[in-house]
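*Asks:* turn this into a model:
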Amino acid sequence: MSAERVSFSMGRLSLIAGNTFLEAVRQRLFLFLVLLAGALVGGAQFFHDFHFGPNFGAPELKFTFNFGMGALVFFGSVLTVAATAQLFFSEIENRTALTLLAKPVWRAEFVFGKFLGVWAVVGVFCALLTGLLAGLLAHRAGVFLDDDPAVFAHGGQITAGDVFIVGALHWVKFGVLAMVTLLVASFSNTNLFTVVTGFFVLVICHLQALAHKAYAKVEASSAVLGVLIETLARVFPNFQLFSLEDQAGTAEGVSGLLALQVAGYGLAYIAVFGLLAVFSFRRREI
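*Replies:* Presented below is the predicted three-dimensional model:
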């Protein structure tokens, strides 16, 4: 019975996602990155030895928060690209994908199952790091308040809610990156090419905001170049939109409405890239 003669099954998709999740968790890369990133974030508590100015409480918390989120973004990106490529090509090289797809399994189930499994692993990584960072910030804020109850009278205290909102947005961003990597893997022949291209796309997406600025400058002088830059800006998502760290510690805190809008923006790109990955994988000979 071919996959085209059976209906799309969330059960089969969940099974593929679960197996992918377990396989990813067993990889040494996941454990290594969790321990390394956790050690860096946990070691941020020693930043109190540095001089942060007269109002030391808020600047230290802000520095610790930015440092922790920087570690999450860096190691999370490495985990996302490497794990996605490795788990996809391990199925191809071990011929397990051929065996699986010979059964009544849709290729869309295979692609989205792989994606959900990797995204769940990255979600665990983000939850562990943001939980550790939130606990560290709460501890340091408590120490400052014991020394001076008015230390945050003018703002600067970073709440756990802000930490988890920013961490969740980065998780959505990693989902976009994972789906882009799967799209490349759907037509690539090597793991190395997929990993390199994935990191290349990551850089482009982080610099995408510069494309709009460049477009504004060259639009008048060169229509062709302006259209090219604008097209690239539309094709590649703007990863800078997911960075709301600057809002943390302000009187208003991180905007929940803006966070939902950015999350919807990321989910839309996941859906589009996912459909492209399925289309490309359907045309691939295994």
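*Asks:* now do the buried residues in stretch 9-17.
*Replies:* Neighbour counts over stretch 9-17 (16 or more other CB atoms under 10 Å) mark 12, 13, 16, 17 as buried. Quick note: C-beta positions are derived from backbone N, CA and C, even for glycine.
*Asks:* for it, the distance to its chain's centre please.
*Replies:* The offset between the C-alpha centroid of stretch 9-17 and the centroid of the whole chain comes to 22 Å, using CA atoms, centre = their mean, to the nearest Å.
*Asks:* same question for stretch 125-140.
*Replies:* Stretch 125-140 has its C-alpha centroid displaced from the chain centroid by 17 Å (CA atoms, centre = their mean).
*Asks:* now the stretch 151-286 of the chain, which segments are flagged as low pLDDT?
*Replies:* Scanning the stretch 151-286 of the chain with the threshold set as pLDDT under 70 gives 151-156, 211-229.
*Asks:* packing partners of the helix or strand encompassing residue 72?
*Replies:* Assigned by DSSP states H and E, residue 72 falls within helix 57-93. Judged by 3 or more CB pairs under 8 Å, 6 or more residues apart in numbering; DSSP states H and E, the packing partners of helix 57-93 are helix 10-26, helix 28-43, helix 96-101, helix 107-147, helix 160-185, helix 191-206.
*Asks:* just those: most buried one?
*Replies:* helix 160-185 (a mean of 24; mean count of other CB atoms under 10 Å).
*Asks:* so how far is that one off the chain centroid?
*Replies:* Taking the mean of its C-alpha atoms, helix 160-185 sits 3 Å from the chain's own mean (CA atoms, centre = their mean).
*Asks:* between that helix and helix 191-206, how many degrees?
*Replies:* Here the directions of helix 160-185 and helix 191-206 differ by 130 degrees (axes from the mean of the first three to the mean of the last three CA atoms, to 10 degrees).
*Asks:* returning to that earlier point: any chance of CSV for the helices and strands packed on helix 57-93, columns distance to residue 254?
*Replies:* Compiled in CSV, the helices and strands packed on helix 57-93 are given as follows (distance: least, CB to CB, whole Å):
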stretch, distance to residue 254
helix 10-26, 29
helix 28-43, 19
helix 96-101, 41
helix 107-147, 13
helix 160-185, 5
helix 191-206, 20
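*Asks:* between those, which one is closest to residue 240.
*Replies:* helix 191-206 (6.6 Å; CB to CB).
*Asks:* who's in contact with residue 177?
*Replies:* The neighbourhood of residue 177, defined by CB atoms under 8 Å, 6 or more residues apart in numbering, consists of 77, 80, 81, 198, 201, 202, 205.
*Asks:* can you list those in JSON lines and add distance to residue 62?
*Replies:* Supplementary listing: the contacts of residue 177 in JSON lines, determined by distance: CB to CB, whole Å:
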{"residue": "77", "distance to residue 62": "22"}
{"residue": "80", "distance to residue 62": "26"}
{"residue": "81", "distance to residue 62": "29"}
{"residue": "198", "distance to residue 62": "31"}
{"residue": "201", "distance to residue 62": "30"}
{"residue": "202", "distance to residue 62": "25"}
{"residue": "205", "distance to residue 62": "25"}
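*Asks:* so which of those residues is the closest to residue 36?
*Replies:* Minimum separation from residue 36 among the contacts of residue 177 (CB to CB) is found for residue 77, which lies at 13.6 Å.
*Asks:* what about the closest one, neighbour count?
*Replies:* Each residue near residue 77 was counted by other CB atoms under 10 Å, and the total is 20.
*Asks:* show me what contacts the closest residue to residue 81 other than its chain neighbours?
*Replies:* If you skip the residues right next to it in sequence, residue 81 has residue 198 as its closest partner in space, 3.9 Å away by CB to CB, 6 or more residues apart in numbering. Taking CB under 8 Å, 6+ apart as the contact definition, residue 198 lies against 80, 81, 84, 85, 177, 180, 181, 184.
*Asks:* ok, residue 198 to residue 184 distance?
*Replies:* When distances are taken as CB to CB, to the nearest Å, residue 198 and residue 184 turn out to be 6 Å apart.
*Asks:* close enough to count as contact, residue 120 and residue 14?
*Replies:* No. Judged on CB atoms under 8 Å, residue 120 makes no contact with residue 14 at a distance of 10.8 Å.
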